[in-house]
Every structure is written in C-alpha cells, then in structure tokens.
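Participant: Next one to model:
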Amino acid sequence: MQNETAIRDLIARTCLALDGNDYPAYLKLCATDFRYRITAYSPEIRKDMNWLEKDRKGMKDLLDLLPKQNMDRTPLTRHFSLFLVEPASGEGCVKVTSALQLFRTERQGGDTSLVAVGKYIDEIRVDAEGAAELVDREVRLDTRMLGKGYHVPF
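Facilitator: So this is what the prediction gives:
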C-alpha cells in the first residue's frame with residue numbers, strides 16, 4: 001500500500017511539473033537511466049508509430065529548448081487514473097499503467113477542450129525507503145490528430 005502511494009505521488013508530480021512548465025522538477029523525478037517515448041498505433045498502416053524517443057539527456061536538451069520554441073502556449077492540464085501496478089523486470093521496479101487525458105484551457109474566454117487520450121505505461125523504481133523514481137515512460141496515445149504547436153512532452 002505504501003508503494004502504491006509513492007507510485008501515485010510520483011505520477012502526479014510528473015503531471016504537475018509538466019502542467020506548470022517546471023521542467024527541472026520533472027527531470028528530478030526521473031532516474032539517470034530514464035527513457036521517454038510517445039507512441040501510437042495506426043490502423044491505416046497497421047503499424048506502431050514512434051513519434052518521439054529520448055533518453056534523460058535528450059529530454060533535458062528538448063526541455064531546455066522549449067522556451068525558445070515558437071509554439072502554442074495555451075496551458076495544458078494532464079489528468080491520470082492509475083489502472084495497474086505489476087512487477088517489472090528491473091530490481092525494485094514495477095510496471096504501472098494509467099489512463100491519461102490531456103486538456104487545454106484557452107487564456108481568452110477560458111474554454112476547455114480535450115487534446116489527447118491515451119495511457120502512461122511507466123516503469124518506476126521504488127527503493128527500500130519507499131522513494132520512487134521514473135525509469136521509463138511510454139505515452140501510448142489513442143489520439144493521432146494533435147493539431148499544431150505542441151512540443152511539450154505529455
């Protein structure tokens with residue numbers, strides 16, 4: 001039960017850090033061997049698509065460039081629901097599957113719309129003291145039409 005609380009807290013903190021554009025805080029939650037991917041399945045071509053793949057250094061480089069990007073700066077809000085926590089192959093690691101919904105709220109008028117739906121498929125390492133860190137995150141999207149201007153990791 002304590003591990004599940006640490007896991008839920010870690011996932012929530014990753015969402016809050018990204019929602020607040022606090023990229024250093026996000027990276028502090030990630031292990032040194034962290035890996036990140038955005039994937040989707042295309043029924044049109046009957047294949048998995050890999051839209052983004054980065055290690056921790058690659059993520060840092062990407063996040064460092066975001067303030068310089070010409071992009072849509074409408075605030076995003078991530079909402080997750082924890083589904084499954086299962087043993088993983090790494091020592092002290094668990095595989096966690098969560099539902100993900102991503103919303104955007106317009107600054108002018110406050111209209112909120114759904115941007116994307118998918119899953120977080122995370123590998124999380126929990127140490128003996130119960131501290132958790134993100135080792136691997138696959139953002140598996142159901143939504144394939146994202147529009148323009150989103151460079152921020154989901």
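Participant: Give me the helices and strands touching the lengthiest helix in the chain, please.
Facilitator: Longest helix of the chain, by residue count under DSSP state H: helix 2-19. Packed against helix 2-19, as judged by 3 or more Cβ pairs under 8 Å, 6 or more residues apart in numbering; DSSP states H and E, are the following elements: helix 23-28, strand 76-87, strand 93-105, strand 112-126, strand 132-141. To be clear about C-beta, it is placed using only N, CA and C from the backbone, and glycine gets the same treatment.
Participant: quick one, which of those is nearest to Ala40?
Facilitator: Checking these against Ala40 by Cβ to Cβ gives strand 132-141 as the closest, at 4.4 Å.
Participant: next one: the closest one to chain centre, how far?
Facilitator: Taking Cα atoms, centre = their mean, to the nearest Å, one finds strand 132-141 lying 6 Å from the centre of the chain it belongs to.
Participant: how about low-confidence regions in the protein?
Facilitator: Counting by pLDDT under 70, the chain has low-confidence residues at 1-2, 70-71, 148-151.
Participant: The residue located most distally from the centre of it and Gln101: what is the separation?
Facilitator: Relative to the centre of the chain, and counting by Cα atoms, centre = their mean, the farthest-placed residue is Gly109 at 27.4 Å. Gly109 is 21 Å from Gln101, where distance means Cβ to Cβ, to the nearest Å.
Participant: Excluding sequence neighbours, find me the nearest residue to Leu62.
Facilitator: Leaving aside its chain neighbours, Leu62 sits nearest to Lys54 (6.1 Å; criterion: Cβ to Cβ, 6 or more residues apart in numbering).
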